[in-house]
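Undergrad: My questions concern the predicted model and sequence given below.
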Amino acid sequence: MSKPTSLFVIFFSLFIMSEAVFEDQVGKFDWRQQYVGKTLFAHFDSHSQSSNKLFLATDKNIFASFNSRTGDLLWRHVDKVGPEGTIDILVLHGQDALMVVGGGRLLRSWDTNMGGLNWEAVLDTGSFQAACFVAIQDTVKHVAVLKKAAISLHYLTNGHQKWVENLPDSDTVQYQAVYSGGEVEVYVLGVVPNSHLTIIAYSLEDGEIIKSVEAPWLSSVESSCVVIGQGVLMCVDPATLALYTLPIQAEEAPQFNQILLQSLDLEVSLGFQPVLVSSQPHPARSPISEFFLQLGPDHHVLLQLNADGYTIAALRDFQPAFLVSFATTGEKTVAVVMTPKNETACDINLFSADSGRRLLDTTVIFPLDLNGGKPFKLYVHAFLKKDDSVDYRVLVQTQDHALTFIQQPGRVVWTREEALADVVTMEMVDLPLTGTQAELEGEFGKKADGLFPMVLKRLSSQVILLQAWLAHLWKLFYEARKPHGQVKNEVTIETLSRDEFNLQKMMVMVTASGKCWSRQSLFIFVWSQLFGIDSKSGSILWKHYLENVQPNAVFKLIVQRTTAHFPHPPQCTLLIKDKDTGLASLHVFNPIFGRKSHIAPPALPRPILQSLLLPVIDQDYAKVLLLVDDQYKVTAFPSTKNVLQQLQEMASSIFFYLIRSDQGNLSGFRLRKDLSTERIWEVVLPTEVQKIVAVNGKRPNEHVHSQGRVMGDRSVLYKYLNPNLLAVVTESTDAHPERAFVGVFLVDGVTGRIIHEAVQRKARGPVHFVHSENWVVYEYWNTKSRRNEFSVLELFEGTELYNSTVFSSLDRPHLPQVLQQTYIFPSPITTMEATLTEKGITSRHLLVGLPSGAILSLPKMFLDPRRPEVVTEHSREENLIPYAPEMPIRTEWFINYNQTVARVKGIYTAPSGLESTCLVVAYGLDIYQTRVYPSKQFDVLKDDYDYVLISSVLFALFFATMISKRLAQVKLLNRAWR
Amino acid sequence: MLLHGRLSELCIFLQAMFVFACCFSDIESGPIATSGSVQPNGDRFKLEGRAIVPGVKTQDWISSARVTVEGEEYIGFMRTDGSFVVNDVPSGSYVVEVISPGYKFEAVRVDITSKGKMRARLVNFIKTSEVIRQPYPLQLRSSGPHTYFMKRETWGWTDFLMNPMVLMMVLPLLIIVLLPKVVNTNDPEMRKEMEQSMNMLNPNPELPDVSEFMTKLFSGSKSSSNKAVGGSKASGRPAVKRR
């Protein structure tokens, strides 16, 4: 039995191929942008002079390699999310990149050339502190890893442990740094805060010497000490305003040597903790004896330790200077200093490290973006030119996580907006009409002008159109004459306009709030960013920097007014809510230009529980946003007189729901005329048994075209289309695989009536679900069979409609019929969304994000609870696929072919002007935009339409008729003569 | 006697199978994962294997590939020689997959006992307890590149000519045009022969020709239906008059 069915399924699945991509369509409608996140470590490939590779390790647990000339990603390794995959350190030596991962869990060595792993070693437990290369006689053979209570030495070639030593008194001494200067000893520096410093020297062949130095002023080695010169520890103490030096390798009991900053004529800014910056160009040699001392937010001094190892000479004072860094190429080390030039630019200059002299012709200008963050860190790639002078390129990391790569004399080679690696929510907004389009539209808007003016108007608009067309032709002609490379199709906001089928839209994306700790002002910046991206090309058209957004904020993006209401500008509102306190703020802006609107949002002093967008519009065509606070008072935005009046009239029919998942409480409210509320219903799901995971209504912009389904016997099964239906998903608190369950409740949001309740036993989350039309599809993990399963619930009214004209939750006496079917899905999933089209005629597909990064377009036809187990005449006529337990995954259904989207977090679907076409944006670490045609392109000619064949056949037929006519004439004439 | 011996052997074998199944049954129902907390390495194991893409150099595909254990629960990366190790995996049963945007690999289920014994078997989501052993350490061989794209329907002369409709039209045409030229119809003997063969084809000369019958039928039915329409009209008129 099973074999014929499976054959049948294969046959069917061969039939349904609507979603596949053709090879020549690659990159035609789709684009992908790959991101890596906030840079923690960056290294340029110094292995060979001509190499142009850049290696980044980021806070998203990613190790990536870039081509530094273009900014393109060469390869990227995406590790596990969370603390188990965090990159503690990245150091580069030759072709190998060494990485400590997961708080000292693993030590990895990568082959940077191939992008593969050399080896991976499991480290002993203990939290990671520091790591460094250890060299003997100019060759680096080992790497030392310092943990809280132990130090281990590993071979670079295979990762094997050479030795591991427990550190003495690790419960009192905080070991924070490890240093090797190319000799046979490795030094571990530990500190007992405000008491003394401990230095332990390990010889490579084992054996230890412990030295203890009194240092009552020292609280942390990590933040206030560096090693410079021939193994001299340099510390700065903000309390006594002095520098301390200590030779680490000294044989006898060493002593700190104090040098007061005053004696060097240096002064620390008030309340500023001085910072030291040093550089060790090669692990086999000792660090350079020059170092930077930061004395204030924008005040740095380049200092040098003299050869005697005790005295310090000031080489150069930099004030103002934002950022400083060292860079080494060959034998030369240079100091790189970024100084502010004016409000929109910064200068970057090179200075010789050993003398402090400025190197000529080394100025690079870094453009400051007023809408972006301030520069945060410099990564310098220095190299020698043919005449032995130093040239360099700079990678500037700004506070908004953007990376800018600059070349002399100030050309920005590339920029990467890494904040987009963490998009939390997005919306697509229609582009505005152009002037001519608006003119044409306007013609039909006004009436009663009389015949003659109407004719005139029509003629004038036609003239305008002709003019535009001629201008377009002229432009084409003009551009064709130019050499090919010069023609640039730059997209700017000014030239943006809606295309014929509304396929090009503006993507408004909100990124998660980022955190940036700035050393310069000892202040943590918390921010979030708004981006406006052209959906056709993927270019960033505008960005807006939102300051003071708490790190745990949740966002909701609402389109209050679309572009359809010219001359009123479109209006979007971003609701930013602090997750802990519930306090919220509104940011109102124009989604096309990104500008902040002049409309003042209402002050929200109380925590906000719920927000809802009403279909009510004010006199300026903006939809009304209602915000419910914790005292169940409602604030309307905009709150003009007109709106309040409308709200009063409609109050009795405005309902909303609130969820308190901590109390397992779901309650419904109704608006009163005075904008207070009354509770109507309440559903309590006991929190001891289960917790509410997610609640989802239907999308308000969804259209359902057909009210029912025609069955095999010609009767109609009507869908239960309740617009107020909420799908509530719960998970059991008991995690035992035998007792765990997942519950799905369908609740009417107006009356609180539970329409249906489905419980999946021996199942656990994470549950992904889609609620649309008359169906709910959810996915869960079956703990018994250890597999993922899809379940579909479909609601039908039956063969008769109760009230076919309007749906009212208050007047629906019959419960709907519920059909359910479950299938095995052979892969875990990360997210799920349904396609959406303009009028809902096109069949629906589910877009499923897989952990592999593929986005599967699964026809809803496969998730139909009416799929029969036994094929009958009726089911065949209805085109029902026979039931098969396992859902197929075909690579032809991957809408993003090999353009995988790592860590898909969400899929956004939007209708276009074409009924057949749905716009899809998948975001996660990457952003991928494409179009899908769930029922093929039935309303436009396909892009492979063979114009040549059709026209050649037409012409051939035309000539054939001409010739045959002529022949017939000749024949008739001949016959007449006979 | 011999048969009896065989049977007892079989019994022992079955028993052994049962014991074997019991060994693994404890992990079948065991908790899947205790994620988050980093445990000492004692009860965590490493999963090893090797992936091969025939005919492709390792450096061409390893940088984009990775090994996932049960979704993204545990992740391993490919070594430069195509082998891989996933460290820190607790005991349990996992689906191990090599994910590469370029090449297809079959997934394998790996069972790890609490003592660290490993077993690899084919993934079967329908019969979850079925065991078809696979080699461990895993040997994963790619079955070729993924097929992401559909082939475009291309227009070619051969496709056009081999179309059954076209064949049906063209062949009779050829017969009509060519046959009279090949066979000399003016030859009286030949004509006789053909007439004979035609008679052979049509054994009963009294039976009406099919085409003739059809035309008769249709014309007849048309006339009858015309009549019927006329009749109804005729019957309708008096009714109108009667009113």
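TA: Okay, I see it.

Undergrad: Residues of the stretch 701-850 of chain A that sit close to chain B?
TA: A:Ala735, A:His736, A:Pro737, A:Glu738, A:Thr783, A:Ser785, A:Arg786, A:Arg787, A:Ile824, A:Pro826, A:Pro828 (C-beta under 8 Å from any C-beta of the partner chain). Where C-beta positions appear, they are placed from N, C-alpha and C, glycine not excepted.

Undergrad: Only whichever of the residues you listed are buried, select them in PyMOL.
TA: Remark: buried members of these, expressed as a PyMOL selection using 16 or more other C-beta atoms under 10 Å in any protein chain shown:
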select buried, chain A and resi 737+783+785+786+787+824+828
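
Undergrad: What about the residues of the stretch 701-850 of chain A next to chain B, which are in strands?
TA: A:Arg787, A:Ile824 (DSSP state E).

Undergrad: and of the residues of the stretch 701-850 of chain A next to chain B, the nearest to A:Val396?
TA: Set against A:Val396, the nearest of those by C-beta to C-beta is A:Pro828 (39.3 Å).

Undergrad: So, low pLDDT: which residues of the chain?
TA: Unless you meant another one, I'm taking chain A. A:1-20, A:49, A:206-208, A:251-253, A:371-372, A:435-449, A:482-494, A:516-525 (pLDDT under 70).

Undergrad: hm, I was asking about chain B
TA: Residues of chain B meeting the criterion pLDDT under 70: B:1-42, B:155, B:183-186, B:201-211, B:213-214, B:217-243.

Undergrad: try 80
TA: B:1-42, B:152-163, B:179-188, B:190-191, B:193-195, B:197-243 (pLDDT under 80).

Undergrad: A:Ala215 and chain B, how far apart?
TA: 33 Å (C-beta to the nearest C-beta, to the nearest Å).

Undergrad: before we move on, what about A:Thr842?
TA: 19 Å.

Undergrad: My read is that that residue contacts A:Lys936, right?
TA: No: applying C-beta atoms under 8 Å, one finds A:Thr842 not in contact with A:Lys936, separated by 9.2 Å.

Undergrad: What is the most widely separated pair among the residues of the stretch 701-850 of chain A next to chain B?
TA: The widest separation within those (C-beta to C-beta) is 25.5 Å, between A:His736 and A:Pro826.

Undergrad: what ranges do the strands span in chain B?
TA: When secondary structure is read from DSSP E, chain B shows strands at B:44-52, B:66-69, B:74-77, B:83-90, B:92-99, B:108-112, B:118-122, B:133-134, B:138-141, B:149-150.

Undergrad: export those to a markdown table and tack on distance to A:Arg670?
TA: Below are these laid out as a markdown table (distance: least, C-beta to C-beta, whole Å):
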| stretch | distance to A:Arg670 |
| --- | --- |
| strand B:44-52 | 55 |
| strand B:66-69 | 49 |
| strand B:74-77 | 50 |
| strand B:83-90 | 51 |
| strand B:92-99 | 49 |
| strand B:108-112 | 53 |
| strand B:118-122 | 57 |
| strand B:133-134 | 61 |
| strand B:138-141 | 60 |
| strand B:149-150 | 53 |
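
Undergrad: so can I have TSV of those showing mean neighbour count?
TA: Below are those laid out as TSV (neighbours: other C-beta atoms under 10 Å in any protein chain shown):
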stretch	mean neighbour count
strand B:44-52	19
strand B:66-69	22
strand B:74-77	22
strand B:83-90	20
strand B:92-99	22
strand B:108-112	21
strand B:118-122	17
strand B:133-134	14
strand B:138-141	17
strand B:149-150	16
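
Undergrad: Output these in CSV, with distance to chain A appended to each entry.
TA: CSV is the format used below for the strands of chain B (distance: least, C-beta to the nearest C-beta, whole Å):
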stretch, distance to chain A
strand B:44-52, 8
strand B:66-69, 6
strand B:74-77, 5
strand B:83-90, 5
strand B:92-99, 4
strand B:108-112, 9
strand B:118-122, 12
strand B:133-134, 17
strand B:138-141, 15
strand B:149-150, 4
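
Undergrad: and A:Pro766, helix, strand or coil?
TA: strand (DSSP: H, G, I helix; E, B strand; the rest coil).

Undergrad: Count the residues that sit near it.
TA: Per other C-beta atoms under 10 Å in any protein chain shown, the neighbour tally for A:Pro766 reads 16.

Undergrad: and what of A:Phe22?
TA: 16.

Undergrad: Phi, psi for it please.
TA: Dihedral pair for A:Phe22: phi -90, psi 150, per degrees, to the nearest 10.
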